[in-house]
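K.L.:
any chance you could fold what I've pasted below:
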Amino acid sequence: MAEAPAGRRRGLLLALYFLVLLIPTGFLPLMESTEGRYGEIAWEMLLRHNYLEPFFGAIKHFHKPPLTYWAIAGGYKLFGIGDFGARFFGVVAALVAVVYLYRLAQVLLGEERDAFDATLIFASSFLFLAIARIVATDIYLTCFTVMAQYYLFRRLRGERHKSDAPLYGLALGLGFLTKGPIIFLFTLLPYLVAKLVDPDHRRVFSWREVLAASGVFALLALPWYLAVMAENPGLLYYFLKVQTVDRVASNRFHRHEPLWYFFYVFAGTFLPYILFFAKGTFQARAFDRPTRVLLLYVWVPFLVFTLAQSKQPTYILPFFGIAAILAAAALRTFPMPRLRSLAALLLFLFAIAPAVAGFVYHPARVLRWPLLVSALPLLLLWWQVWKQRQGPRLVWWSALLLLLVSTVAYAIVAVAAPQMRGYEQMATALNRLDPERKLDVLAYQAFLPSLSLYRRHLTAAAYGMKRDVRFQEDDEYRSWYLPTASDLQRFLKDRPRLFMVTSADALPAFEKESGYACREVYGQRKRSAYLCRAPREQSPAAAGN
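P.N.:
Next comes the predicted model:
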């Protein structure tokens, strides 16, 4: 009879957590470039009624499989085209990941309190809280990674079910539809490495079960790939060479970082829990063999990403689930009085950070006094952390503090967005000036896909990023992709008036090259919007028209 109230409490906590993640997502515009890119691709799917081939600025875009785009388009269908709809299913994926992490931690740690601590660590880690609220593939990949790990380890350490193998294949298939073979880096690769050192990993699934898992994976993951490859000859080479080999072995996508990059990303985005995880790593001999093996599910993908040329902070999020379980295991195994106190002191810095930001971070100064007031509940929470630093509720109070700090930080970003990389307010201003969308928008020396989304009209890009047009079947894209001076002149020829978005430094170059006269209609820190007129439109008579 005691389990039902406990179950209801967990359900209530999950519901509250979901709302805390979800509600702010409608107040922050999609940020360039990642969120704007994914948001526009999903919008173009709806615009073209083509859910097979992703288009980005009228050009086919096969950088990623379509599941994330489908999820965003589904959010648009449910809630309208906007910030909330774009982010809705990402928050749902975050919640599903938390639920599966709790179930995985129960299998691996056994004790209810340890499993709950692991779940709180995972759900309150800064990288997870940040990625759960943005539009990108990583939160979906993390969800399917944790799901796959649960069905694998339930078979290894828990009660075996006939559904383990097909559900494992299902999770891998969904991950493959999200980000391609990268799902294997967090699942199959450490699993195969573990076979070398752990006898339990050598006898997990029978051959029939392997075939069942493979069949489910193939039925779910491969049809889209086969369909688009049939429509676009040469796409297999593109997937294997450009989007897989080149991302690992070259700097083709301009994401090269130093060898130690992920060391400080992991440490910084997993604070303060990284202290407990590090303790468990350096004294792994104190763990039993099954727990030590879990380290492979963190350090194998970490090593691959460290050696790869292409690096992004979000890449490592899928192994945060196992890292959280290992941090909870370390808390259970080692007393760590000094590390516990150090963790509490670090959290003090987090508690005062929003108030400090109101005074030192210029875009947040308009929130100076609300942020100063927010310091009171944050410091009260921190005081509970300090009192519990050697007690059993350290993780509980730490997670609550981090969740509130991240929400306040999200509010700061929402206010500062127009001065950073968000263009929703600019697009709204242009829509007021041109409600019928008769004037085109040109991004000069830039590429701003969120303007297309918020204008509900494709934005042309001159001298922006280089695009791959090898799979184009017609010249439609040339109306919007302007990589050369002749392309720009062709675009301007039939447009005596247009909106142009660029930096203040680039404006003189545009006016000199085009002959257009421009006046600012919406100012923004990085790039502003201008209404530009061709020379023939600049006479008094033309201006009167």
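
K.L.:
remind me, longest helix of this protein?
P.N.:
For the chain, the longest helix by residue count, based on DSSP state H, is helix 83-109.

K.L.:
all strands for the stretch 351-500 of the chain, in order.
P.N.:
441-444, 460-462, 481-482, 497-502 (DSSP state E, counting those that start in this stretch).

K.L.:
could I get the ones you listed as CSV with mean pLDDT and distance to L14?
P.N.:
(C-beta placed from N, C-alpha, C; glycine too.) CSV is the format used below for the strands of the stretch 351-500 of the chain (pLDDT from 0 to 100; distance: least, Cβ to Cβ, whole Å):
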stretch, mean pLDDT, distance to L14
strand 441-444, 97, 42
strand 460-462, 96, 42
strand 481-482, 96, 45
strand 497-502, 97, 42
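
K.L.:
make CSV from the ones you listed and add distance to W260 to it.
P.N.:
Output for the strands of the stretch 351-500 of the chain, formatted as CSV (distance: least, Cβ to Cβ, whole Å):
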stretch, distance to W260
strand 441-444, 35
strand 460-462, 35
strand 481-482, 37
strand 497-502, 36
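
K.L.:
mind listing what the residue lying closest to D200 once chain neighbours are set aside touches?
P.N.:
Excluding its sequence neighbours, the residue lying closest to D200 (Cβ to Cβ, 6 or more residues apart in numbering) is L156, at 5.5 Å. L156 makes contact with 200-201, 204, 290 under the criterion Cβ atoms under 8 Å, 6 or more residues apart in numbering.

K.L.:
one more time with 10 Å, if that's ok
P.N.:
Listed by Cβ atoms under 10 Å, 6 or more residues apart in numbering, the contact set of L156 reads 107-108, 164, 191, 194, 198, 200-201, 203-205, 290, 293.

K.L.:
who wins for neighbours among those residues?
P.N.:
Scoring the contacts of L156 on neighbours with other Cβ atoms under 10 Å, the highest-scoring entry is L108 at 25 neighbours.

K.L.:
for S514, which non-adjacent residue is spatially closest?
P.N.:
S514's closest residue in space is L492 (Cβ to Cβ, 6+ apart), at 5.7 Å.

K.L.:
need the contact list for that neighbour.
P.N.:
Here L492 is in contact with 440, 442, 460, 462, 482, 498, 500, 513-516, 532, 534 (Cβ under 10 Å, 6+ apart).

K.L.:
let me know the pLDDT of it.
P.N.:
Looking at L492, its pLDDT is 96.

K.L.:
same deal with T25?
P.N.:
Note on T25: pLDDT of 95.

K.L.:
wait, is it part of a strand?
P.N.:
No. Counting by DSSP: H, G, I helix; E, B strand; the rest coil, T25 falls outside a strand, being helix.

K.L.:
check the gap between Y51 and W70 for me.
P.N.:
As judged by Cβ to Cβ, to the nearest Å, Y51 and W70 stand 7 Å apart.

K.L.:
next one: R48
P.N.:
Counting by Cβ to Cβ - R48 and W70 are separated by 14 Å.

K.L.:
between the two, what contacts are shared?
P.N.:
Overlap of the contact sets of R48 and W70 (by Cβ under 10 Å, 6+ apart) consists of P54.

K.L.:
compare these two and say which is more crowded by neighbours.
P.N.:
Counted by other Cβ under 10 Å, R48 and W70 do not tie: W70 has more neighbours, with 18 against 13.

K.L.:
which residues touch that one?
P.N.:
Each residue near W70 by Cβ under 10 Å, 6+ apart is listed here: 42, 45, 51, 54, 89, 177-178, 224.

K.L.:
okay, and the closest residue to A165 other than its chain neighbours sits in which element?
P.N.:
Closest residue to A165 apart from its sequence neighbours, by Cβ to Cβ, 6+ apart: E209 at 3.6 Å. Using DSSP states H and E, E209 sits within helix 207-231.

K.L.:
what does the helix or strand just after that helix rub up against?
P.N.:
Using DSSP H and E, the helix or strand that follows helix 207-231 towards the C-terminus is helix 235-237. Residues outside helix 235-237 that contact it (Cβ under 10 Å, 6+ apart) are 60, 62, 225-226, 228-229, 242-243, 470-471.
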